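Participant: heads up, no residue letters with this:
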């Protein structure tokens with residue numbers, strides 16, 4: 001988290017990309033699962049929602065994020081994160097924010113172009129030899145009387 005004079009408190013994603021915290025919806029909820037006496041009284045889990053479409057991210061970044069196949073991104077383009085790993089609300093909040101920045105960073109990475117490869121001549125020959133051996137085995141299994 002950084003404080004910038006022009007936009008207020010921001011979450012830093014990369015050197016040049018920042019998200020104002022006002023664009024991130026953070027809500028404290030009760031954690032699920034076993035916990036003891038505190039679990040029913042204190043809201044320590046964090047629900048974080050970030051709408052990609054209405055954010056101040058560059059258009060190219062928005063498009064890349066929408067194309068990610070991630071179960072945490074809804075069909076309407078909202079990133080939803082539930083953080084309940086820790087026992088304190090502050091730790092869960094920082095965990096949720098770091099996971100959000102991780103998702104966005106992963107979405108902005110440039111994918112390597114796949115270079116199609118071909119099997120080597122040796123591999124081709126090996127495959128053909130194996131097929132021939134298999135055919136020979138099957139040939140030997142045939143019933144000799146039925147051919148007469």
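Facilitator: Happy to help now that I have it. The structure presented is a predicted model; accordingly, all values stated were derived computationally and were not measured.
Participant: ranges for the helices of the chain?
Facilitator: With DSSP state H, the ranges of helices along the chain come out as 59-66, 89-108, 121-141.
Participant: Can you read off the pLDDT for the spatially most central residue of the chain?
Facilitator: Geometric centre of the chain, nearest residue: residue 70, 4.8 Å, by CA atoms, centre = their mean. For residue 70, the pLDDT comes out at 78.
Participant: Likewise for the one 3 residues further on?
Facilitator: Note on residue 73: pLDDT of 82.
Participant: so it bridges to which residues?
Facilitator: residue 79 (DSSP bridges).
Participant: Could you measure from it over to residue 15?
Facilitator: Counting by CB to CB, to the nearest Å, the gap from residue 73 to residue 15 is 24 Å. Where you see a C-beta, it was placed from the backbone N, CA and C, and this is true even at glycine.
Participant: Ok, residue 66 next?
Facilitator: With CB to CB as the criterion, residue 66 and residue 15 are 23 Å apart.
Participant: and if you look at residue 75?
Facilitator: 31 Å.
Participant: go on, residue 121?
Facilitator: 48 Å.
Participant: What of residue 48?
Facilitator: 23 Å.
Participant: Which of the two has more residues huddled nearby?
Facilitator: Each of residue 48 and residue 15 has its neighbours counted (other CB atoms under 10 Å); residue 48 has more, 21 against 6.
Participant: In contact with the more buried one, which residues?
Facilitator: 24-27, 79-83, 96-97, 100 (CB atoms under 8 Å, 6 or more residues apart in numbering).
Participant: Distance to residue 55 for those residues - can I get that in a markdown table?
Facilitator: A markdown table is the format used below for the contacts of residue 48 (distance: CB to CB, whole Å):
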| residue | distance to residue 55 |
| --- | --- |
| 24 | 9 |
| 25 | 11 |
| 26 | 15 |
| 27 | 18 |
| 79 | 10 |
| 80 | 14 |
| 81 | 15 |
| 82 | 20 |
| 83 | 19 |
| 96 | 16 |
| 97 | 14 |
| 100 | 11 |
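Participant: All set, thanks.
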